[in-house]
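**Q** Please work out how this folds:
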Amino acid sequence: MKRIGILTGGGDAPGLNAVIRAAVKTAIRDHGCEVLGIRDGYDGFLEEDGILSLGAEEVRGILPRGGTILGTANRGNPFARKVVRDGQEVTIDVSDEIVEGIKRQRLDALLVLGGDGTLHIAHELAEKGVPVIGVPKTIDNDIGGTEITFGFDTALNIATEALDRLHTTAESHHRVLVVELMGRDAGFIALNAGVSGGADVILIPEIPFKYESIVAKVMERAAKGREFSLIAVSEGAKSQGGQQVFSRKGDEVFVPRLGGIGSMVAEYVEKKGYESRLTVLGHVQRGGTPTAFDRWLATRYGSAAVRLAARGGFDRMVSLQCGHITDVLLEEALSSPKRVRPDDDSVITARSLGISFGDE
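**A** Residues are numbered from 1 along each chain as shown. Okay, the predicted model is just below:
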């Protein structure tokens with residue numbers, strides 16, 4: 001193994017730079033390997049200045065930094081790229097150009113740091129002969145084959161702190177405060193932050209809710225003299241018999257953008273006579289300094305990815321299982337996205353504490 005590439009795709013997440021740093025250091029120290037950084041996801045292979053050399057100096061001091069020094073793109077699918085031809089916007093497949101770009105760079109391995117979408121692309125490129133290694137990244141923690149993805153712990157801590165802060169203002173003003181959190185189709189952020197931050201109601205995609213049940217919980221608390229409530233809502237939550245709420249529709253290139261369910265919940269509660277306010281935490285959950293856990297996990301993943309590449313374990317993804325770093329087939333990891341199980345002990349624990357999921 002003489003030359004490897006690293007790219008980051010999809011949404012940014014705390015810990016990306018820690019992976020890059022660990023991979024570069026391991027590749028140089030243990031394998032005498034040259035490392036190239038690919039700018040802005042897969043797009044870097046198509047751009048004139050899309051490749052840069054990564055050495056010890058380039059990764060010095062980036063361990064605590066959020067974001068990614070390589071840049072990223074969550075609309076960079078080479079199998080469905082939008083371009084303008086003859087004045088018309090069309091979608092084309094440039095995957096063969098990406099494969100040629102990888103060959104031109106003489107890469108013995110390509111480390112792909114990404115979530116579900118980016119890793120699906122990596123697997124498709126592997127089927128075209130690209131020597132790909134996947135590294136699971138997402139604040140949503142929804143990738144199968146691993147117990148946890150880096151970025152999740154930081155997002156969870158930020159969401160919990162927000163709930164802590166909103167708890168005091170909700171109590172002071174005798175209001176119902178609704179907090180909309182990220183997570184897409186998985187409720188891990190809302191569930192874990194909701195329990196950790198003392199939410200009274202937690203709404204997640206895996207457990208459809210009834211608006212009346214939310215109000216019933218607020219009324220129950222008011223009857224006991226608790227004139228405020230805190231509601232944690234996952235952006236992908238939906239009512240029973242209803243649909244997820246989107247702020248932007250998707251197409252073959254753009255992923256649908258979830259958002260708006262928190263506003264609907266707050267408006268419903270307000271109409272029932274309880275003053276409500278909405279906070280949408282949004283991209284705050286993805287930015288800033290990664291927690292110690294995310295730095296630690298990302299570092300282990302980065303180093304393990306290089307070792308896996310050196311063994312020729314392509315079309316696989318590094319993962320954490322039972323506290324140990326191992327690896328699984330990309331296809332296996334992607335075949336079963338991870339979701340909150342309604343019968344999971346964390347849900348049972350929350351119910352035992354009196355937290356409502358709006359379904360009863």
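
**Q** what's the domain layout of this protein?
**A** 3-150+290-321, 153-286+341-352 (automatic domain parsing).

**Q** Dump these to CSV, plus distance to A333.
**A** For every residue, glycine as well, the C-beta is placed using N, CA and C. What follows is the domains of the chain, written out as CSV (distance: least, Cβ to Cβ, whole Å):
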stretch, distance to A333
domain 3-150+290-321, 3
domain 153-286+341-352, 14
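
**Q** Point out the one among the ones you listed that comes closest to E332.
**A** Nearest of those to E332, taken as Cβ to Cβ: domain 3-150+290-321 at 5.8 Å.

**Q** residues contacting V265?
**A** Neighbouring residues of V265 by Cβ atoms under 8 Å, 6 or more residues apart in numbering: 178, 203, 211, 214, 231, 233.

**Q** Adding secondary structure and pLDDT, write the residues you listed out as CSV.
**A** Putting the contacts of V265 into CSV (DSSP: H, G, I helix; E, B strand; the rest coil; pLDDT from 0 to 100) gives the following:
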residue, secondary structure, pLDDT
V178, strand, 98
L203, strand, 98
Y211, helix, 97
I214, helix, 98
I231, strand, 98
V233, strand, 98
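
**Q** Surely M317 is in contact with T146?
**A** Yes. Taking Cβ atoms under 8 Å as the definition, M317 is a contact partner of T146 at 7.4 Å.

**Q** coming back round to it: nearest to G37, of the contacts of V265?
**A** In terms of Cβ to Cβ, no member of the contacts of V265 lies closer to G37 than V233, at 37.5 Å.

**Q** Show me what that closest one is bridged to.
**A** Applying DSSP bridges to V233 gives these bridge partners: E180, L203.

**Q** again, but for R81
**A** Here R81, judged by DSSP bridges, has bridge partners I92.

**Q** Distance of L16 relative to A23?
**A** Taking Cβ to Cβ, to the nearest Å as the criterion, L16 is separated from A23 by 11 Å.

**Q** Could you verify that G71 is part of a helix?
**A** No. If the criterion is DSSP: H, G, I helix; E, B strand; the rest coil, then G71 is coil and not within a helix.

**Q** Would you confirm that it contacts R39?
**A** Yes. The pair G71 and R39 qualifies as a contact (Cβ under 8 Å) at a distance of 5.2 Å.

**Q** These two - which one has more neighbours?
**A** R39 (20 against 17; other Cβ atoms under 10 Å).

**Q** so what's the nearest residue to G101 once chain neighbours are set aside up against?
**A** Leaving out its chain neighbours, the residue that sits closest to G101 by Cβ to Cβ, 6 or more residues apart in numbering is F45, at 3.2 Å. Going by Cβ under 8 Å, 6+ apart, F45 touches 38, 51, 97-98, 101-102, 105.

**Q** Most neighbours among those, which one is it?
**A** Neighbour counts for these (other Cβ under 10 Å) peak at I38, which has 28 neighbours.

**Q** so what's it bridging to?
**A** Bridge pairing for I38 - DSSP bridges - gives L7, I51.

**Q** what's near enough to touch it?
**A** 5-7, 44-45, 50-51, 70, 110.

**Q** Could I get those in JSON lines, plus columns for distance to A305 and pLDDT?
**A** Below are the contacts of I38 laid out as JSON lines (distance: Cβ to Cβ, whole Å; pLDDT from 0 to 100):
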{"residue": "G5", "distance to A305": "12", "pLDDT": "98"}
{"residue": "I6", "distance to A305": "9", "pLDDT": "98"}
{"residue": "L7", "distance to A305": "12", "pLDDT": "97"}
{"residue": "G44", "distance to A305": "18", "pLDDT": "94"}
{"residue": "F45", "distance to A305": "19", "pLDDT": "94"}
{"residue": "G50", "distance to A305": "21", "pLDDT": "94"}
{"residue": "I51", "distance to A305": "19", "pLDDT": "97"}
{"residue": "L70", "distance to A305": "15", "pLDDT": "96"}
{"residue": "L110", "distance to A305": "10", "pLDDT": "98"}
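
**Q** Out of these, who's the most crowded?
**A** Neighbour-wise, the contacts of I38 (other Cβ under 10 Å) top out at L7, 30 neighbours.

**Q** isn't that one right next to L113, touching?
**A** Yes. Between L7 and L113 there is a contact under Cβ under 8 Å: 6.9 Å.

**Q** any idea how far the residue nearest to G101 lies from I102?
**A** Distance from F45 to I102, counting by Cβ to Cβ: 6 Å.

**Q** do I6 as well
**A** To I102, I6 is 12 Å away according to Cβ to Cβ.

**Q** Quick check: neighbours shared by these two?
**A** The contact sets of I6 and I102 overlap at L110 (Cβ under 8 Å, 6+ apart).

**Q** Got the phi and psi for the residue nearest to N74 when sequence neighbours are not counted?
**A** Excluding its sequence neighbours, the residue lying closest to N74 (Cβ to Cβ, 6+ apart) is G10, at 4.9 Å. Backbone torsions for G10, taken as degrees, to the nearest 10, come to phi 80, psi -160.

**Q** got it, and L177?
**A** With angles defined as degrees, to the nearest 10, L177 sits at phi -110, psi 130.

**Q** ok, it - contacts?
**A** Counted by Cβ under 8 Å, 6+ apart, L177 has contacts 166-167, 169-170, 228-231, 276-279.

**Q** Regarding the residue lying closest to it once chain neighbours are set aside, which helix or strand does it belong to?
**A** Of all residues not flanking L177 in the chain, A170 sits nearest, at 4.2 Å (Cβ to Cβ, 6+ apart). In the assignment (DSSP states H and E), A170 maps to helix 152-173.
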